[in-house]
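Asks: predicted model and sequence below, questions to follow.
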Amino acid sequence: MDHILESSLMAESDVVRARFDRVVREFGSRLSRLVASYVDEPADRDDLLQEILVAVWRALPTFRGDSSERTFVYRVAMNRARTFRSRRYHRVELPVSEALHDPMPPPDAAIAERDERDRLTRAVRALPSSLREVTLPYLEDLSTVEIAELLGITENNVRVRLARARQQLRTLLLDVS
Amino acid sequence: MTETTDWDQWRGSWQTPAPTSQDLDSAMTQFERAMRRDAVMRGIEWAIVVLAVVFPLFAIRHAANAVEATLGIGAAVIVLGIAVFRGWNRYAERVALGTSAREFDEATRSLHYAELRFARFLWLVLGVEGVFAAVWWYGGIEIHHGALTPIAVWMLWVPLAVVVVTLAWSVRLRAGAKRELAALAVRAGAALENDA
């Protein structure tokens, strides 16, 4: 009896582990981008990514399939990132110029693309939290319906926030140009 | 530029960088380390809980009267109560993690309010325990005429230590809960401001 129970527990933990590994492979790049848009310091990024992975590992067994796995993982990651940021930064928002100013110009075109991405990441990071929360999943191709589900707000509210986020992002990005 | 063009262009820039397998490997190594550390911490936590329950219960064998026995049982019950409370809180937080941002904030808020209530409850219990402790210590010295064996001295001190440590823990728990509630209020305020 004990043997059966033990092997069934082992099998269950193996299943969770396999599922977790697949989730990391599938969503790892999205999680990295999400982390970069919440915190700036490399050490903070490492800490947050680690906290998110631990949170996903713990939350995965509670996933009942009432949303897509992508939405679920994104929910866990965003909830953890929001808590992390408010704990670490206590609402210290970077001034726009400081957030986006890069003293080093891109040396060539190959690096320009990366520079553009970094500027966008910094601009997203400088957005107010309620706008950043809709912008991040939208940039990751989630639909407005999925974002509404992710945040627990109406689809109309998502659209309003996205419109505001777009305006602010344009201003933030143009300011530096 | 139109709204669609803006978003498409930004999506293009946003999604270009894929982390190298090295980045993910490093993240996974950190994760494995964090999980091992977590397992060790939980092991230590459970060992402390078991010891903190067993010691006061053993101490009851040396109790001179019902009052002293109550202190030992009380200390054991407090420790068990805290262990159950922490386990329940962790489970609730784990479930809340997979919910929407709004539900997560609500669940987190109610968890922190539960922590505040729990801290206040502990202070009441510890106050009563403190009264028992004074009687116990005085009674122990009187009965044994100051000639307590080292084990008996340990048995007397451990429940008292449990009470003091629990008091410190409850103060920390309350401060942490208040800090988190303040952060949640700021977040909710910012969201309202932006929705207005």
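Replies: That came in fine, so what should we check first?
Asks: and the pLDDT at the residue nearest to A:Tyr38 when sequence neighbours are not counted?
Replies: Leaving aside its sequence neighbours, A:Tyr38 sits nearest to A:Ala81 (CB to CB, 6 or more residues apart in numbering or on different chains; 4.4 Å). The C-beta positions use only the backbone N, C-alpha and C, and glycine is treated the same way. Looking at A:Ala81, its pLDDT reads 91.
Asks: what is the neighbour count of A:Ala81?
Replies: Around A:Ala81 there are 24 other residues, counting by other CB atoms under 10 Å in any protein chain shown.
Asks: doesn't A:Leu172 make contact with A:Ala126?
Replies: Yes. The pair A:Ala126 / A:Leu172 is scored as a contact, 5.9 Å apart, by CB atoms under 8 Å.
Asks: in which helix or strand does residue 175 reside?
Replies: In the absence of a named chain, this looks at chain A. helix A:155-176 (DSSP states H and E).
Asks: actually, chain B is the one I wanted.
Replies: B:Ala175 belongs to helix B:150-195, assigned by DSSP H and E.
Asks: mean confidence score for that helix?
Replies: For helix B:150-195, the per-residue pLDDT averages 79.
Asks: and what of stretch A:18-30?
Replies: The model assigns stretch A:18-30 a mean pLDDT of 86.
Asks: restricting to C-alpha, output that stretch in CSV.
Replies: Extracted in CSV, the C-alpha atoms of stretch A:18-30 (Å, rounded to 0.1, in the frame of the first residue of the first chain):
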residue,chain,number,x,y,z
ALA,A,18,7.9,17.9,-16.6
ARG,A,19,5.1,20.4,-17.0
PHE,A,20,7.1,23.1,-15.3
ASP,A,21,10.1,22.5,-17.5
ARG,A,22,7.9,22.8,-20.6
VAL,A,23,6.4,26.0,-19.3
VAL,A,24,9.9,27.5,-18.7
ARG,A,25,11.0,26.5,-22.3
GLU,A,26,7.8,27.8,-23.8
PHE,A,27,7.4,31.0,-21.8
GLY,A,28,11.0,31.7,-20.6
SER,A,29,11.6,34.5,-23.1
ARG,A,30,8.3,36.2,-22.2
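Asks: and that stretch, does that touch chain B?
Replies: Yes. Residues of stretch A:18-30 are located near chain B by CB under 8 Å from any CB of the partner chain, namely A:24-25, A:28-29.
Asks: take the residues you listed and keep only those in strands.
Replies: Members of the residues of stretch A:18-30 next to chain B lying in strands (criterion: DSSP state E): none.
Asks: any of those buried? List them.
Replies: Neighbour-count burial (16 or more other CB atoms under 10 Å in any protein chain shown) applied to those gives A:24, A:28-29.
Asks: just those residues now: which is nearest B:Ser110?
Replies: A:Val24 (30.8 Å; CB to CB).
Asks: that closest one and B:Arg102, how far apart?
Replies: 27 Å (CB to CB, to the nearest Å).
Asks: now do the contacts for the most centrally placed residue in chain A.
Replies: In chain A, the residue lying closest to the centroid (CA atoms, centre = their mean) is A:Leu34, at 2.6 Å. A:Leu34 is in contact with A:52, A:74, A:77-78, A:81, A:136, counting by CB atoms under 8 Å, 6 or more residues apart in numbering or on different chains.
Asks: give the buried residues for the helix holding A:Asp175.
Replies: A:157-158, A:161-162, A:164-166, A:168-169, A:172-173.
Asks: check these against chain B, which are close?
Replies: Answer for the buried residues of helix A:155-176 near chain B (CB under 8 Å from any CB): A:157, A:161, A:164, A:166, A:169.
Asks: so what's the third one closest to, chain neighbours aside?
Replies: Yep, that's A:Arg164 we're talking about. A:Leu131 (5.9 Å).
Asks: before we move on, the earlier item: helix or strand for the residue nearest to A:Tyr38, just tell me which one.
Replies: A:Ala81 belongs to helix A:69-89, assigned by DSSP H and E.
Asks: report the separation between B:His112 and chain A.
Replies: From B:His112 across to chain A, the span is 11 Å (CB to the nearest CB, to the nearest Å).
Asks: pull the number of nearby residues for the closest residue to chain B within chain A.
Replies: Across chain A, the shortest distance to chain B (CB to the nearest CB) belongs to A:Gly152, at 3.1 Å. Here the number of neighbours of A:Gly152 (other CB under 10 Å) works out to 15.
Asks: let me know the pLDDT of it.
Replies: The model's pLDDT for A:Gly152 equals 87.
Asks: rewinding a little: mark which of the residues of stretch A:18-30 next to chain B are part of helices, please.
Replies: Counting by DSSP state H, the part of these found in helices is A:24-25, A:28-29.
Asks: just to revisit the earlier point, buried sites along the helix holding A:Ala81?
Replies: Buried, per 16+ other CB under 10 Å, within helix A:69-89: A:70-86.
Asks: which secondary structure elements does it sit against?
Replies: helix A:2-38, helix A:42-59, helix A:129-139, helix A:144-151, helix B:66-97, helix B:101-144, helix B:150-195 (3 or more CB pairs under 8 Å, 6 or more residues apart in numbering or on different chains; DSSP states H and E).
Asks: could you dump those helices into a markdown table with distance to B:Trp10 added?
Replies: A markdown table is the format used below for these (distance: least, CB to CB, whole Å):
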| stretch | distance to B:Trp10 |
| --- | --- |
| helix A:2-38 | 12 |
| helix A:42-59 | 21 |
| helix A:129-139 | 6 |
| helix A:144-151 | 15 |
| helix B:66-97 | 28 |
| helix B:101-144 | 22 |
| helix B:150-195 | 19 |
